[in-house]
Structures are given as C-alpha cells and as structure tokens.
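>>> fold the following, please.
(2 chains)
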2 protein chains.
Amino acid sequence: MIHLIDSIGSMAAILTTTSFIPQVYKVYTTKQTHDLSLGMFLLFSLGLLLWCIYGILLMAWPIIWANFITLGLTCYILVMKIKYG
Amino acid sequence: MIHLIDSIGSMAAILTTTSFIPQVYKVYTTKQTHDLSLGMFLLFSLGLLLWCIYGILLMAWPIIWANFITLGLTCYILVMKIKYG
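Now for the predicted structure:
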C-alpha cells in the first residue's frame, strides 16, 4: 500500500511539474500571450520560489527539484508575457 | 526556525493555490482562451487529481484541501478552454 501511495505521489509530482511544457511550447511557437493572466504566472512563480526555499530549509530534494524545474518553465512564460503583453 | 519553515511552506501553498484565481477571472470576463494550452490544463488537472488521491490515502488534509481548491479552479479553465477553443 505504501508503495502504491508513493507511486501516486510521484506520478502527481511528474504531471504537475511537466504540465507547463505544452504552455511553454505554445508560447514559444505562437509568440501569443494575450489570454494568459500575468497575475497567475506572477503569483504561481512566487509560490514556487517559496516552495524551493522551503525545500532547501528542510533539505528535501524532491520538493527542491520538482519546484525548481516548474519555476524555470513558469519564469519563461512570465518573461514572454511581459514581453508580448 | 521550524516556525519560520512552516510559515514559508504555508505561504507557498496559499500562493500556488490562489494563483489560478486571476486566470479564472480573466477567462470569465474575456471569454478568450486561445493562447492557453489545453495540454497544460489537462495534465495539471490530472496531476492535481492524483495529489488529492495521494492526500486522501495519507489522510493529509493540507494536501487534500490545497489541491482540491486548485483543481476546482483549473477544471473551470479547462472546461472554458474546451468550450471557446
């Protein structure tokens, strides 16, 4: 049962981390960001930064790497949103 | 120090949970979802559903409520994306 729970948690982490890749690809190819909310990507990126700090303080590597990768993806979207409006 | 770490984690959870509210508001007011990636909201919602299941199996209420609220917000965006294209 513990193994199943761990597997579900790992799959959840992989999905929520990699889900931003299709959005990054869309922004990269279309250069269109009008419908994206600046507030969302600003708050979400700030939240991910705090998750990274939280992980570092706890020395919890899964929290650090998962949030660090997602932060990289959302920061790209955020910069493109600021650039293209 | 533990109190500070907990506070940072709580603030991170609040930010990543509520960050979707500005996107929901934008979709609700503009009815425009063209620049949003269907793949992103599909994968992210699926990931959040797995986080909820993970939280339920562990009886970890902060994981359950934070992901359940976010899931509600992303499902709204997902349905609107399917509706408006």
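>>> list the contacts for the most centrally placed residue in chain A?
Residue closest to the average C-alpha location in chain A (CA atoms, centre = their mean): A:T70, at 2.6 Å. A:T70 makes contact with A:T16, A:T17, A:F20, A:L48, according to CB atoms under 8 Å, 6 or more residues apart in numbering or on different chains. For every residue, glycine as well, the C-beta is placed using N, CA and C.
>>> what ranges do the helices span in chain A?
Listed in chain order, the helices of chain A (DSSP state H) span A:2-18, A:20-30, A:38-58, A:61-84.
>>> so which of those helices is the most packed in?
Neighbour counts (mean count of other CB atoms under 10 Å in any protein chain shown) averaged over each of those peak at helix A:38-58, with a mean of 20.
>>> roughly how far is that helix from the heart of the chain?
9 Å (CA atoms, centre = their mean, to the nearest Å).
>>> the inter-axis angle of that helix versus helix B:20-30?
Angle of helix A:38-58 versus helix B:20-30, following axes from the mean of the first three to the mean of the last three CA atoms, to 10 degrees, is 170 degrees.
>>> how about the nearest residue to A:K31, chain neighbours excluded?
A:Y84 (5.8 Å; CB to CB, 6 or more residues apart in numbering or on different chains).
>>> actually A:I64, not the one I typed
A:I64 sits nearest to A:G55 (CB to CB, 6+ apart), 3.8 Å away.
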